[in-house]
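Peer 1: My questions concern the predicted model and sequence given below.
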Amino acid sequence: MGAVTAFAGTASAAPEDGASPAGAGAAAWGTTTGAAICGPAPRATRMRWPPAPPQMAAPVVMPQVAAPTSEAPTAGTAEAVPANAVTAPMVGTTYVAPEPGADPFVSIGDSVKEGQTLLIIEAMKVMNQIPSPRAGKVTQIMVQDGQPVEYGEPLLIIE
């Protein structure tokens, strides 16, 4: 049998003398004797199929810890949101004024109407006006200008 040349998963065999059955010469068979005609033959690549699975570490078994049974809130738990608080409808950065240096939309003690803009939350470079859900008096503002907020975080209290 002749020389065997493999190219990325294909193989061909050529007779010892380099001639193909059709008389096309060694270049048609991809052996190195046809390098002067077609240029050097590509290097054969040994491929492994299927690829080896990635090596993974053994799983670590964590001991089970009993949950605390006390009903008193512990340090680090979220505070309860007051019922009359306006909460953040999205994650973003709060702005209390329409532009830097301008007067804020609302201040403590201001009376607001339903639908009035309370502040702005910037999310993904979009400025979202946060309207008042009800009429009332602003008693506490719980965020500062430029402060990042999470979804559901209290922003201010309207009574």
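Peer 2: Good, I have the coordinates.
Peer 1: shaky segments in this structure?
Peer 2: 1-42, 44-49, 51-54, 56, 62, 65-79 (pLDDT under 70).
Peer 1: Break down it into its helices, ranges please.
Peer 2: Taking DSSP state H as the test, the helices found in the chain are 35-38.
Peer 1: Quick check: can you list the domain ranges of it?
Peer 2: Domain ranges of the chain: 1-51, 85-158, per automatic domain parsing.
Peer 1: Now the nearest residue to Gln116 once chain neighbours are set aside: phi and psi?
Peer 2: Among residues not flanking Gln116 along the chain, Ser132 sits closest, at 4.8 Å (C-beta to C-beta, 6 or more residues apart in numbering). The way it works is simple: take the backbone N, C-alpha and C, and place the C-beta from them, glycine included. In this entry, Ser132 is assigned phi and psi values of phi -70, psi 130 (degrees, to the nearest 10).
Peer 1: how much space between Ser132 and Met90?
Peer 2: Computed as C-beta to C-beta, to the nearest Å, the Ser132 to Met90 distance reads 17 Å.
Peer 1: So for these two, which residue has more residues nearby?
Peer 2: Comparing Ser132 with Met90 by neighbour count (other C-beta atoms under 10 Å), the higher total belongs to Ser132, at 19 against 15.
Peer 1: Run through the strands of the chain in chain order.
Peer 2: With DSSP state E as the criterion, the chain has strands at 4-7, 10-13, 85-87, 92-95, 111-112, 117-123, 126-131, 136-141, 148-149, 154-158.
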